[in-house]
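>>> just need the structure, nothing else, for what follows:
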Amino acid sequence: MHIDWWTLLLQTVNFAVLVWLLHRFLYRPILQLIDARKAEVQRQFDAVKAVEEQAKVQLAAAQADHASLAAQREASVKAAAAQAQETARALRAQAERDARALLEGAHESVLAERERVLEEAHRVALDLGAEYARRLLAEVPAALRAEAWIERIEQHLKTLPTTQLEPLVRDLANGGAVTVTTASLLPGAAQDDWSRRLGQILGRGRIVFEVKPELVAGAELHFSTAVLSFSWQSALAALRSQVTSNARPH
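Numbers count the residues shown, from 1 in each chain. Predicted structure coming up:
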């Protein structure tokens, strides 16, 4: 296979620019957002600690009151002292239960907020990355983009097992058509080149070209019985699904 070194060089330069832009305008802001959320989480945790300390102070005060009351009345009113001691134990147990419940609730709330922020940050990163990629690709000549994708499609079709390729060829031979969907309109010369090269692999048949901007980049081949996707849309969808799955608490 002939390698177009100019195309490879341009793609390498575009990739390097993309990495630099993502690092400069995406990675740093996301880190700042995460740091801000961490600071907010720490503030909430500190507030919870303050409530816990207040509960301990209240418990200590209740215990002190009980001890003072028991010392004053122990000699004359033993029954009242015993009742006061029982009441103090109940108050202490309730205060401890309330404090534990408050801490557990705050902890769960902080964890849930952290997961939500991380998932949102990942989604923003993917959306911004796709947008930067779309802008960079727009600067690449359409002919070069078309050549890169048709080479990938050719390579994939040539490596398909016979059991998968033959039904596609037979479908076209029986009057079927293959619809080539791209993110942007292919120039006329590129459409002719794609038709010729696809025909060499799939045989004679109708080849129709359509535009679908949400593909971001690449192409899809729609047969009557199958769809072959070579677009960034499917890759981004897989990434979003993976990010959402990883962000959910296990």
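
>>> when you work out contacts or count neighbours from here on, use the C-alpha atoms and nothing else.
Noted.

>>> residues contacting the closest residue in space to residue 210 that isn't next to it in sequence?
In space, residue 210 comes closest to residue 181 once its chain neighbours are excluded; the distance is 4.7 Å by C-alpha to C-alpha, 6 or more residues apart in numbering. Shown in contact with residue 181 (C-alpha atoms under 8 Å, 6 or more residues apart in numbering): 209-212, 219-222.

>>> what's the ChimeraX line that selects buried ones from these?
Entered in ChimeraX, the line below selects the buried ones among those, by 16 or more other C-alpha atoms under 10 Å:
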select :219,220,221,222
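
>>> hang on, the earlier thing: helix or strand right after whichever strand or helix holds the residue nearest to residue 210?
Element membership of residue 181, judged by DSSP states H and E, is strand 177-182. Counting by DSSP H and E, the next helix or strand C-terminal to strand 177-182 is helix 188-202.

>>> looking at it, residue 230 is touching residue 216, isn't it?
No. Using C-alpha atoms under 8 Å, residue 230 makes no contact with residue 216, being 10.8 Å away.

>>> ok, which stretches of the protein are helices?
5-22, 28-73, 78-139, 142-158, 162-173, 188-202, 232-247 (DSSP state H).

>>> for residue 226, find the nearest of these.
Taking C-alpha to C-alpha, helix 162-173 is the member of these nearest to residue 226, at 8.2 Å.

>>> could you tell me the angle between that closest one and helix 188-202?
Here the directions of helix 162-173 and helix 188-202 differ by 120 degrees (axes from the mean of the first three to the mean of the last three C-alpha atoms, to 10 degrees).

>>> next, the angle strand 177-182 makes with helix 162-173.
100 degrees.

>>> any regions of this protein where pLDDT drops low?
Regions of the chain meeting the criterion pLDDT under 70 cover residues 1-3, 69-70, 73, 75-77, 80-81, 106, 110-112, 114-143, 233-250.

>>> quick check: domain ranges of it?
5-139, 142-231 (automatic domain parsing).

>>> distance from the chain centre to the shortest one, please.
Right, the one you point to is domain 142-231. 30 Å (C-alpha atoms, centre = their mean, to the nearest Å).

>>> swap in the first one?
Offset of domain 5-139 from its chain centre (C-alpha atoms, centre = their mean): 22 Å.

>>> residue 222 touches residue 182, doesn't it?
No. Between residue 222 and residue 182 there is no contact under C-alpha under 8 Å: 11.1 Å.

>>> quick check: neighbours shared by those two?
Common contact partners of residue 222 and residue 182 (C-alpha under 8 Å, 6+ apart): none.

>>> so what does the closest residue in space to residue 172 that isn't next to it in sequence have for phi and psi?
Closest residue to residue 172 apart from its sequence neighbours, by C-alpha to C-alpha, 6+ apart: residue 205 at 4.9 Å. With angles defined as degrees, to the nearest 10, residue 205 sits at phi 170, psi 170.
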